[in-house]
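Colleague: 3D model of this:
(2 chains)
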Protein chains: 2
Amino acid sequence: MFEFTLDAVDGATRAGTLILPHGQVRTPAFMPVGTHGAVRGLHPAEVERAGAQIILGNTYHLHLRPGEEVIRTMGGLHRFSTWPRPMLTDSGGFQVFSLHGLRKISEDGVEFVSHIDGSIRTLTPESSMAIQWALGADIAMAFDHVVPGQASHDLAEEGMERTLRWLERCGRRHAELTDGRSDGRSDGRTDENGRQSVSPSVRQTLWPIIQGGTHEDLRLRSLTGTLERGPWTGIAIGGLSVGESKPVMHRILEDLIPAMPPETPRYLMGVGFPEDLVQGIARGVDLFDCVAATRNGRHGSAWTMTGRVNIRNAANRTAEAPLDPDCDCETCSRFSLGYLRHLFVAQELLGLRLVSIHNVRFLLRVTELARAAIVAGEFERWSREWLRRYHEREIR
Amino acid sequence: MFEFTLDAVDGATRAGTLILPHGQVRTPAFMPVGTHGAVRGLHPAEVERAGAQIILGNTYHLHLRPGEEVIRTMGGLHRFSTWPRPMLTDSGGFQVFSLHGLRKISEDGVEFVSHIDGSIRTLTPESSMAIQWALGADIAMAFDHVVPGQASHDLAEEGMERTLRWLERCGRRHAELTDGRSDGRSDGRTDENGRQSVSPSVRQTLWPIIQGGTHEDLRLRSLTGTLERGPWTGIAIGGLSVGESKPVMHRILEDLIPAMPPETPRYLMGVGFPEDLVQGIARGVDLFDCVAATRNGRHGSAWTMTGRVNIRNAANRTAEAPLDPDCDCETCSRFSLGYLRHLFVAQELLGLRLVSIHNVRFLLRVTELARAAIVAGEFERWSREWLRRYHEREIR
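Modeller: Okay, here's the model as predicted:
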């Protein structure tokens, strides 16, 4: 379990296979985001048919609603949501630091106001581990202190150092949960249905998160400190795509990734748009997640190889062609752009779904094509051509 | 085309087969309603997999958005919406008489205010025929004057007589469209792409609507007047389920249906709930439509054989069983009631869809079971038992 093998390397880029309790993930890979235990607007079967190998669940949202005890009782997030393939949960760190409602950051953890009912809540490294253990994803993420993209060196250093100290606490608690020394419940009850006690040692792994803002020295110190606390089955790069410019993000990746162990999968959190995936893969990233595919889909904005399409555009009224003639998704295989426009204008729910399916498939296809190019030793040529076509685009 | 054969008769009930240009419909049958060219919240493939043999499109809504000329240009409503099976369009009569915005009723037609943009619009028997011709459903409905369920004898008589006069105009215009003497466009342009000129004589049939409120004498006069203007390939009963009580509706059906020609399919418009289907079938109805399945689904209310389920109910929080253990729908085959509750509480769009799928399948299954009982000569026993179980229900 939790093995990663490199299938091909082409310059900085890599194609790998990540083995997880719920199946394998061919990398580079994109994870659609299932905020509330469902990828927004989509059926798990649609997400699977779009080619998703792994999805992400949001600890913050699921903790607030329905609560991890409900999900534990229902057999864990896989069973609850009927998603049969691998899953990763974030730690809640990003949400508590970026959503309104942050009240107090202390060494112990973070106090925040629930956006659902206004109640005051706390997340700590230990409680994040306990919640993620109850959710039961294949991969749990360490609880980190995220700072804004323009954070000063001092603030970024404070967040980075705290993230390292919290990583130690996460590691200790996760080991206790894994060993069965704790079931993560404050009341000490045992797990009655026993479902989650099966093979505890192979059911979940913990990945650390590199922080340090846009400061190269901090990023490298964060990596060193993280590796000292290892070994790890995967390492995430957090705190990017949070307000800094794209060239800055690329520079951080170029500084950081060559120092990362090549045999460990690298997960760039919260990224990205199609071109971000290509740029990230070019610099050695293996795993991505982002809500943009479904968020843009719900707003009627679609990615295509010939430009971004605003579905509602009046020019699409009688467009008989699919949204993206290049695309093999379920939406483009069946429906005309004109019909999609009608659904959006008439506010039919089906429209949100169909464009979300397309956008998710578009990102998954970018990773599939990139992997094929890496395996063929042609990533450099493929990505140059792909970016050229993609940046030629106009907004339709 | 447009043939109806009786496969079995059991007392007042019948099982038949209706042949239409886009396929056959085994009756009794329920038509899910596709208001805007999509059954609310559902994918056409989901509607098909739920067992729908025919769906209904709303002329009023499609005339306003996207407009029939868009749909004609896109090859008709079947091609536009990718629905491959038979389709029926209503005439717009019910909507203009029941929605806010009715301005003027005259012998010519109805003036109303569009709920979309406040523009003043007119529907006449002729324009309703032209719109439905452009939409291209297998069955078009005559434009009728609908009165409320509590309408006086005088008002009901006025509406009924006008409906007969309008039926003559509908019949004339529909015959012109069918013969190719008119393409239904006011500017007299010919149909450039020729798609809709293929076999014009077999592509659409017109069904009349019986009116007369809750007054038996008017209902019978409406039937007589309608039959005098025939022959018809089907006859609809309109103006029921519009505020009158259920016993009154049943009495009307019992008075009217025995006078209707047995060889012609009978369509009870806008009905109904599960028990209404059973009661209608018992009285000789062949075809139904209603928005309740998807509307209730979107509001989190589900029909089951053991009671109506309010999905959001806190008692469902950790319910591991399906919504309806008796049901074979895609929702009940995969998801727990607890997960459905979570989706509704978290306002995830997937929830609306999953409960709508269940409700649509529930109604379709009622018609399938009723047909099997009729063919087996056991409808009386089956319906008594079904109604007994269904009325034992409690709200969960």
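
Colleague: only C-alpha atoms for contact and neighbour calcs from this point on.
Modeller: Fine.

Colleague: how about the helices in the stretch 51-200 of chain A?
Modeller: Here the stretch 51-200 of chain A has its helices, by DSSP state H, counting those that start in this stretch, at A:59-64, A:68-73, A:77-81, A:93-98, A:125-135, A:153-179, A:200-203.

Colleague: who's in contact with A:Ala319?
Modeller: A:336-338 (CA atoms under 8 Å, 6 or more residues apart in numbering or on different chains).

Colleague: where's A:Ala38, which helix or strand?
Modeller: Under DSSP states H and E, no helix or strand contains A:Ala38.

Colleague: surely it is in contact with A:Glu46?
Modeller: No. At 10.9 Å, A:Ala38 and A:Glu46 do not qualify as touching, with contact defined as CA atoms under 8 Å.

Colleague: more crowded one of those two?
Modeller: Using other CA atoms under 10 Å in any protein chain shown as the criterion, A:Ala38 and A:Glu46 rank with A:Ala38 on top: 25 against 15.

Colleague: leaving aside the residues adjacent along the chain, what's closest to the residue of the stretch 101-250 of chain A found nearest chain B?
Modeller: The nearest approach of the stretch 101-250 of chain A to chain B comes at A:Ile116, 9.5 Å away (CA to the nearest CA). Spatial nearest neighbour of A:Ile116, excluding adjacent residues (CA to CA, 6 or more residues apart in numbering or on different chains): A:Leu64 at 7.4 Å.

Colleague: the one you found: neighbouring residues, count only.
Modeller: 17.

Colleague: with A:Ala45 instead?
Modeller: If you count neighbours by other CA under 10 Å, A:Ala45 ends up with 12.

Colleague: same thing with A:Ser301?
Modeller: Applying other CA under 10 Å, we find 22 residues neighbouring A:Ser301.

Colleague: ok, it touching A:Asn313?
Modeller: No. Assessed by CA under 8 Å, A:Ser301 is found out of contact with A:Asn313, at 10.1 Å.

Colleague: now do the SS call for the most centrally placed residue in chain A.
Modeller: Taking CA atoms, centre = their mean as the criterion, A:Asp289 is the residue nearest the geometric centre of chain A, at 2.9 Å. State at A:Asp289, reduced to three classes by DSSP: H, G, I helix; E, B strand; the rest coil: strand.

Colleague: quick one: it from A:Tyr267, how far?
Modeller: According to CA to CA, to the nearest Å, A:Asp289 stands 8 Å off from A:Tyr267.

Colleague: same question, A:Thr331
Modeller: 29 Å.

Colleague: which helix or strand lies directly C-terminal to the helix or strand of chain A with the lowest mean pLDDT?
Modeller: Ranked by mean pLDDT, DSSP states H and E, the weakest helix or strand in chain A is helix A:200-203, scoring a mean of 62. From helix A:200-203 onward toward the C-terminus, using DSSP H and E, the following helix or strand is strand A:205-207.

Colleague: which neighbouring elements make contact with the following helix or strand past that next one?
Modeller: The C-terminal neighbour of strand A:205-207 among helices and strands, as given by DSSP H and E, is strand A:209-210. Contacts defined by 3 or more CA pairs under 8 Å, 6 or more residues apart in numbering or on different chains; DSSP states H and E place strand A:209-210 against helix A:216-228, strand A:235-237.

Colleague: could you dump these into TSV and include mean neighbour count, distance to chain B and mean pLDDT?
Modeller: Shown next, in TSV, are the helices and strands packed on strand A:209-210 (neighbours: other CA atoms under 10 Å in any protein chain shown; distance: least, CA to the nearest CA, whole Å; pLDDT from 0 to 100):
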stretch	mean neighbour count	distance to chain B	mean pLDDT
helix A:216-228	19	36	98
strand A:235-237	23	28	98
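
Colleague: and whatever residue of the stretch 1-150 of chain A ends up closest to chain B, what does it touch?
Modeller: The stretch 1-150 of chain A approaches chain B most closely through A:Gly41 (5.0 Å), counting by CA to the nearest CA. Taking CA under 8 Å, 6+ apart as the contact definition, A:Gly41 lies against A:294, A:352-353, A:356, B:348-350.

Colleague: repeat that with 7 Å
Modeller: Contact analysis of A:Gly41 by CA atoms under 7 Å, 6 or more residues apart in numbering or on different chains lists A:353, B:348-350.

Colleague: ok, A:Val96 next?
Modeller: Contacts for A:Val96 (CA under 7 Å, 6+ apart) come out as A:102, A:112.

Colleague: repeat the analysis, applying 10 Å as the threshold.
Modeller: A:60, A:102-103, A:105, A:110-114, A:122-123, A:145-146 (CA atoms under 10 Å, 6 or more residues apart in numbering or on different chains).

Colleague: list the buried residues in stretch A:114-133.
Modeller: By neighbour count on 16 or more other CA atoms under 10 Å in any protein chain shown, the buried set for stretch A:114-133 is A:114, A:122-133.

Colleague: make JSON lines from these and add pLDDT and distance to A:Glu244 to it.
Modeller: JSON lines is the format used below for these (pLDDT from 0 to 100; distance: CA to CA, whole Å):
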{"residue": "A:Ser114", "pLDDT": "93", "distance to A:Glu244": "27"}
{"residue": "A:Thr122", "pLDDT": "96", "distance to A:Glu244": "28"}
{"residue": "A:Leu123", "pLDDT": "97", "distance to A:Glu244": "26"}
{"residue": "A:Thr124", "pLDDT": "98", "distance to A:Glu244": "27"}
{"residue": "A:Pro125", "pLDDT": "98", "distance to A:Glu244": "26"}
{"residue": "A:Glu126", "pLDDT": "98", "distance to A:Glu244": "30"}
{"residue": "A:Ser127", "pLDDT": "98", "distance to A:Glu244": "30"}
{"residue": "A:Ser128", "pLDDT": "98", "distance to A:Glu244": "27"}
{"residue": "A:Met129", "pLDDT": "98", "distance to A:Glu244": "29"}
{"residue": "A:Ala130", "pLDDT": "98", "distance to A:Glu244": "32"}
{"residue": "A:Ile131", "pLDDT": "98", "distance to A:Glu244": "30"}
{"residue": "A:Gln132", "pLDDT": "98", "distance to A:Glu244": "29"}
{"residue": "A:Trp133", "pLDDT": "97", "distance to A:Glu244": "32"}
